[in-house]
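Enquirer: Give me coordinates for this.
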Amino acid sequence: MVSTEWAKKHCIIDITKGVVEARTMAMKNSTWWWISAAVSIVLVIVLVNLWIQMNQFVVEPTQLVNEQAVSAYLQENWEDRVVAQAGHIEPSMRVKTGIFIQSLKFFNSTEVNITGYIWQRYQNDLHKSIIPGPDEIGFVLPEQVDSSFDPREVYRVRTANEETIGWYFEATVRQPFDYATYPFDHKTVWMRIWHKQFSGNIILVPDFGAYKGTGLADMFGIAEDIVLDTWERENTYFDYSLSNYDTNFGISSYVGQQGFPELHYNLVVKRKFENAFIIYLLPLFLVATLLFAGLLTVSADEELTSRLGFDASGFIASCSVLFFVVMLAHIQLREQFAGSSIVYIEYFYILMYSLLVLATVNTYLFSIRPKHGCGFILYRDNIVAKVGYWPAVLGSLILITLGFL
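Expert: Numbering: from 1, shown residues only. Next up, the predicted model:
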């Protein structure tokens, strides 16, 4: 009788202890999940702020905003140097030049098609030597690759002291665009313009008076209703690029071989992030979510595994399917940047490959339950991998993003 009562008493104690331990474990697991959720929210906020920072355009310090800035630049970078090094060269002749872009389309990762108008203003008293014939006036786009390029004169306006000539052009130019930060990349499409009289000391200067405003924040020289597909206008500006050629093109008196200021009209366009997010980032997020859901089914509790249908081989098969989904999307993305280095978003795919491999290894080791070296995997039903999943993913994305800032 005594032994029976003693057994009942100890049985009640064991049951009570088990319930307490179960509740304690549940409370500790709940704490871990709350900490994981809080850390993940903070990391999401940090990541979004980094994306906003990546999507900002930095104003170039070389922008020319008015005629005074142009004169100061030319005086410092060309006129003074020419006089000091080769005073016998004829004085520079400045021709005001303007541009208006009507359409722009990216053909591929290196070529862009542009149509619009370019005009030049010739003053009777300053440009007497080049006004007389059509062979002495006009412009050249040295980077155009379209063999049919032939600007067509569409207007000629004469006044008492000046003649303005305008051409309509359609050109395909090839430029080395940088896609490293895709889909947060900005493209600077530039129009490098030479004067048609190649051998002369003729410098093209922006025709600021033809625009309403040419300040740092002004958008000018481009149609307001221009269709840019997945891009949007960000900024426009004029600047100069100093020439550097290893030949004089067979012209002994050629002045543009070294340090000659070549006029550039620059159009900065920003990619619409929404398109790239829906096409490339959203599927990755869904794959990551499905992988996380699969990890939640990993358990040593027989009742729970029977309800969830957890099976190590099934989990590995699911990871294989997700791998092919990610791989096909990655191939589609890579085809857009053939010949380019790895772009920002591609590191997300590399991270996804790593997660699939790590999740597979984690599940396999949890299933075979090795006796040594895997205590953290077996700890509390693989709680470390589960609560650490999103903080690890988001932390990795932040580190990748910081590498591109």
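
Enquirer: burial measure for residue 249, as a count.
Expert: 10 (other Cβ atoms under 10 Å). To be clear about C-beta, it is placed using only N, CA and C from the backbone, and glycine gets the same treatment.

Enquirer: now do residue 75
Expert: Residue 75 has 11 neighbours, counted by other Cβ under 10 Å.

Enquirer: From residue 52, how far off is it?
Expert: 40 Å (Cβ to Cβ, to the nearest Å).

Enquirer: This protein: strands as residue ranges?
Expert: 93-106, 111-123, 139-140, 152-158, 162-174, 186-195, 202-206, 231-244, 258-271 (DSSP state E).

Enquirer: pLDDT score assigned to residue 256?
Expert: Per-residue pLDDT puts residue 256 at 68.

Enquirer: what does residue 121 give?
Expert: 91.

Enquirer: how deep is the nearest residue to residue 249 once chain neighbours are set aside tucked in, by neighbour count?
Expert: Closest residue to residue 249 apart from its sequence neighbours, by Cβ to Cβ, 6 or more residues apart in numbering: residue 198 at 7.4 Å. Neighbour count of residue 198, defined by other Cβ under 10 Å: 13.

Enquirer: close enough to count as contact, residue 198 and residue 243?
Expert: No: counting by Cβ atoms under 8 Å, residue 243 is not a contact partner of residue 198; they are 11.9 Å apart.

Enquirer: wait, what's in contact with the residue nearest the centre of the chain?
Expert: Central residue of the chain (Cα atoms, centre = their mean): residue 185, 1.9 Å from the mean position. Neighbour list for residue 185: 178-179, 271 [criterion: Cβ atoms under 8 Å, 6 or more residues apart in numbering].

Enquirer: give me the low-pLDDT residue ranges for the chain?
Expert: The chain contains residues with pLDDT under 70 at 1-29, 59, 80-90, 125-136, 147-148, 253, 256-257, 299-312, 339, 368-381.

Enquirer: All the helices of it, residue numbers only.
Expert: 2-54, 67-74, 80-85, 273-276, 282-296, 302-308, 312-335, 346-368, 375-378, 383-387, 389-402 (DSSP state H).

Enquirer: most neighbours per residue, which of the ones you listed?
Expert: helix 383-387 (a mean of 19; mean count of other Cβ atoms under 10 Å).

Enquirer: Could you export it as CSV, CA atoms only?
Expert: Extracted as CSV, the C-alpha positions of helix 383-387 are listed here (Å, rounded to 0.1, in the frame of the first residue of the first chain):
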residue,chain,number,x,y,z
ILE,A,383,15.3,26.3,-33.1
VAL,A,384,18.6,28.0,-34.0
ALA,A,385,18.2,27.6,-37.7
LYS,A,386,14.5,28.6,-37.5
VAL,A,387,14.8,31.8,-35.5
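
Enquirer: Distance from that helix to the middle of the chain?
Expert: 34 Å (Cα atoms, centre = their mean, to the nearest Å).

Enquirer: counting contacts, what elements does it pack onto?
Expert: helix 2-54, helix 282-296, helix 375-378 (3 or more Cβ pairs under 8 Å, 6 or more residues apart in numbering; DSSP states H and E).

Enquirer: contacts for the second one?
Expert: Outside helix 282-296, the residues within contact range by Cβ under 8 Å, 6+ apart are 315, 318-319, 322, 325-326, 329, 348-349, 352, 355-356, 359, 362-363, 382, 385-386, 389-390, 393.

Enquirer: Would you mind confirming that residue 366 is in contact with residue 298?
Expert: Yes: with contact defined as Cβ under 8 Å, residue 366 and residue 298 form a contacting pair (5.7 Å).

Enquirer: Mind listing the shared neighbours of those two?
Expert: residue 382.

Enquirer: still on that earlier bit, export the helices of the chain to JSON lines and append columns for distance to residue 237.
Expert: Shown next, in JSON lines, are those (distance: least, Cβ to Cβ, whole Å):
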{"stretch": "helix 2-54", "distance to residue 237": "21"}
{"stretch": "helix 67-74", "distance to residue 237": "11"}
{"stretch": "helix 80-85", "distance to residue 237": "24"}
{"stretch": "helix 273-276", "distance to residue 237": "23"}
{"stretch": "helix 282-296", "distance to residue 237": "35"}
{"stretch": "helix 302-308", "distance to residue 237": "60"}
{"stretch": "helix 312-335", "distance to residue 237": "31"}
{"stretch": "helix 346-368", "distance to residue 237": "31"}
{"stretch": "helix 375-378", "distance to residue 237": "56"}
{"stretch": "helix 383-387", "distance to residue 237": "50"}
{"stretch": "helix 389-402", "distance to residue 237": "28"}
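
Enquirer: and residue 191, what does it touch?
Expert: 99, 114, 141, 173, 264-267.

Enquirer: same thing but 7 Å
Expert: 99, 114, 141, 264-265 (Cβ atoms under 7 Å, 6 or more residues apart in numbering).

Enquirer: Break the chain down into its domains, please.
Expert: 22-54+275-402, 67-271 (automatic domain parsing).

Enquirer: Of all these, which one is nearest residue 60?
Expert: domain 67-271 (6.9 Å; Cβ to Cβ).

Enquirer: Could you tell me the end-to-end distance of that closest one?
Expert: 32 Å (Cα to Cα, to the nearest Å).

Enquirer: Repeat that for stretch 188-201.
Expert: End-to-end distance (Cα to Cα), stretch 188-201: 28 Å.

Enquirer: go on, stretch 196-206?
Expert: End to end - Cα to Cα - stretch 196-206 spans 16 Å.

Enquirer: Just the buried residues of it, please?
Expert: Residues 196-197, 200-206 are the ones in stretch 196-206 that count as buried (16 or more other Cβ atoms under 10 Å).
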